[in-house]
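A.B. asks: Return atomic coordinates for the entry below.
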Amino acid sequence: MLKAVVFDLDGTLLDTIDDIAGALNRALASCGLPVHPVEACRGFVGGGIREAVCRAVPDREDRETVERVLAAYLADYFLHCAEKTVRYPGIPELLSALEARGVALGVLSNKTEATARRIISAYFPHVPFRCVFGRTEGRPLKPDPAAAGPVLEALALPAASVAYVGDSGTDMVFARRTGLFPAAAAWGYRSRRELEESGAAVAAGTPAELLAALEEKSLL
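C.D. replies: Residues are numbered from 1 along each chain as shown. Next comes the predicted model:
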């Protein structure tokens with residue numbers, strides 16, 4: 001039985017791509033670089049913002065350019081991270097259903113922790129997340145298994161009793177490496193095929209389907 005469900009943020013709880021694309025394009029433009037359509041930006045995310053910036057910068061230009069774009073993005077996005085972002089349909093109902101079953105809730109994102117907390121506070125002010133973790137100095141990022149340490153400590157639970165819900169292959173690899181139950185949000189930014197090939201035990205097209213799949217497997 002699952003005692004907790006921990007969620008990725010981008011492409012899982014929230015569709016954040018419009019705010020990410022806006023901040024990324026403003027950062028690129030401020031450095032004299034070409035911008036990208038929103039759909040292209042959707043393909044950049046999933047491995048952390050540094051990797052997204054590397055993908056967005058033409059031919060992954062010199063390291064100095066990447067660092068300038070990254071710094072501009074981080075400053076801009078923190079201020080504009082809750083303007084066009086929206087909850088995925090069914091997410092509030094999924095969270096309520098899990099809470100009603102006594103399942104602890106958490107968030108683990110590769111966003112900066114300050115930004116992740118700002119967004120969660122804006123969109124889920126009444127959801128009792130036990131923890132909200134993101135990138136901070138010295139903390140590994142997914143898919144490094146060590147990224148799970150603070151989460152499991154905060155939940156006071158073994159990995160085997162926790163599911164990790166994410167929308168990318170990186171998330172599924174991370175869950176597998178750490179012993180978390182890998183549940184894929186196929187409503188997000190990556191294909192069902194990528195998720196299944198990366199080790200998803202469940203791949204759901206909607207939050208309601210995810211709840212049903214967990215119940216069918218007698219995990220709730």
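
A.B. asks: C-alpha from now on. contacts and neighbour counts both.
C.D. replies: Fine.

A.B. asks: Provide the secondary structure category for the residue sitting furthest away from the middle of the chain.
C.D. replies: Centroid-distance maximum for the chain: residue 32 at 29.0 Å, with Cα atoms, centre = their mean. Per DSSP: H, G, I helix; E, B strand; the rest coil, the secondary structure class of residue 32 is coil.

A.B. asks: Find me the pLDDT at it, would you?
C.D. replies: As summarised for this prediction, residue 32 has a pLDDT of 94.

A.B. asks: now it: how far from residue 25?
C.D. replies: 10 Å (Cα to Cα, to the nearest Å).

A.B. asks: Show me this structure divided up by domain.
C.D. replies: Domain ranges of the chain: 4-15+86-216, 17-80, per automatic domain parsing.

A.B. asks: and the shortest one, how far from the chain's centre?
C.D. replies: A distance of 17 Å separates the centroid of the chain from that of domain 17-80, by Cα atoms, centre = their mean, to the nearest Å.

A.B. asks: following the helix or strand hosting residue 69, which helix or strand comes up?
C.D. replies: Taking DSSP states H and E as the criterion, residue 69 maps to helix 63-80. The helix or strand immediately downstream of helix 63-80 is strand 86-87, counting by DSSP H and E.

A.B. asks: Give me the mean pLDDT for that following strand.
C.D. replies: 98.

A.B. asks: still on that earlier bit, tell me which residues in the helix holding residue 69 are buried?
C.D. replies: Neighbour counts using 16 or more other Cα atoms under 10 Å place 65-66, 69-70, 72-74, 76-78, 80 of helix 63-80 among the buried residues.

A.B. asks: just checking, what packs against it?
C.D. replies: Applying 3 or more Cα pairs under 8 Å, 6 or more residues apart in numbering; DSSP states H and E, one finds that helix 63-80 contacts helix 17-30, helix 49-56.

A.B. asks: where does this structure dip in pLDDT?
C.D. replies: Residue ranges of the chain with pLDDT under 70: 60-61.

A.B. asks: And the helices in this structure?
C.D. replies: 17-30, 38-44, 49-56, 63-80, 91-100, 113-123, 149-155, 169-178, 192-197, 207-216 (DSSP state H).

A.B. asks: Mind putting these into a markdown table with distance to residue 139?
C.D. replies: Putting those into a markdown table (distance: least, Cα to Cα, whole Å) gives the following:
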| stretch | distance to residue 139 |
| --- | --- |
| helix 17-30 | 22 |
| helix 38-44 | 22 |
| helix 49-56 | 15 |
| helix 63-80 | 17 |
| helix 91-100 | 27 |
| helix 113-123 | 10 |
| helix 149-155 | 9 |
| helix 169-178 | 15 |
| helix 192-197 | 25 |
| helix 207-216 | 29 |
